[in-house]
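Engineer: fold the following for me, if possible:
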Amino acid sequence: MEGYIQKQFQGPTKRFVQTLTLKSGEEARREYIKWHSQEYNWKEVREGIREVGILEMEIYILGNMLVMIVDAPADFNWNEAMARLATLPRQAEWEAFVSQFQGCSKEATSDEKWQMMERMFYLYD
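Structural biologist: All right, here's what the predicted structure looks like:
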């Protein structure tokens with residue numbers, strides 16, 4: 001494994017890390033990956049993510065476990081941004097669509113699906 005090059009941003013940033021479990025089975029995993037690919041992912045959803053101030057969003061997968069990493073400016077307010085994101089074009093439609101692959105109800109909001117993780121270690125510079 002060679003790792004992933006990280007974007008550099010102007011000014012200080014902060015990071016949010018969340019987890020979600022997909023439904024069991026290779027089909028759900030395969031479809032979830034497909035719909036998050038550059039070819040199939042919805043442009044309006046990517047634009048909305050950027051519009052609310054998110055600088056970078058990455059999702060990693062292992063089996064049916066997902067980890068999402070979100071980088072944002074140091075003054076970013078998660079709750080305000082997520083409330084605004086939920087109102088942007090196609091966001092609710094996207095959440096309903098991808099819920100068929102996720103281990104949660106179709107009516108669940110993004111913050112009900114994705115569980116915020118707590119950082120327990122870093123290199124303590």
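
Engineer: for residue 65, what are phi and psi?
Structural biologist: phi -100, psi 130 (degrees, to the nearest 10).

Engineer: any idea what it is bridged to?
Structural biologist: Residue 65 has these beta-bridge partners by DSSP bridges: residue 21, residue 62.

Engineer: could you find the closest non-adjacent residue to residue 36?
Structural biologist: The shortest distance from residue 36 to any non-neighbouring residue, by Cβ to Cβ, 6 or more residues apart in numbering, is to residue 59 (6.4 Å). In this view, the C-beta of every residue, glycine as well, is placed from N, C-alpha and C.

Engineer: and the one you found, how many neighbours?
Structural biologist: By the criterion of other Cβ atoms under 10 Å, residue 59 has 15 neighbours.

Engineer: would you say it is within a strand?
Structural biologist: Yes - counting by DSSP: H, G, I helix; E, B strand; the rest coil, residue 59 is part of a strand.

Engineer: so it sits against residue 49, correct?
Structural biologist: No - shown here, residue 59 and residue 49 do not form a contact pair, counting by Cβ atoms under 8 Å, at 11.7 Å.

Engineer: overlap in contacts, the two.
Structural biologist: Shared contacts of residue 59 and residue 49 (Cβ atoms under 8 Å, 6 or more residues apart in numbering): none.

Engineer: do you know how far the residue nearest to residue 36 is from residue 102?
Structural biologist: 12 Å (Cβ to Cβ, to the nearest Å).

Engineer: can you give me the distance of the residue nearest to the spatial centre of the chain to residue 36?
Structural biologist: Nearest residue to the geometric centre of the chain (Cα atoms, centre = their mean): residue 68, 4.7 Å. Between residue 68 and residue 36 the computed distance is 10 Å (Cβ to Cβ).

Engineer: give me the common contacts of those two.
Structural biologist: Counting by Cβ under 8 Å, 6+ apart, the residues touching both residue 68 and residue 36 are residue 59.

Engineer: which residues of this protein score low on pLDDT?
Structural biologist: Residues of the chain meeting the criterion pLDDT under 70: none.
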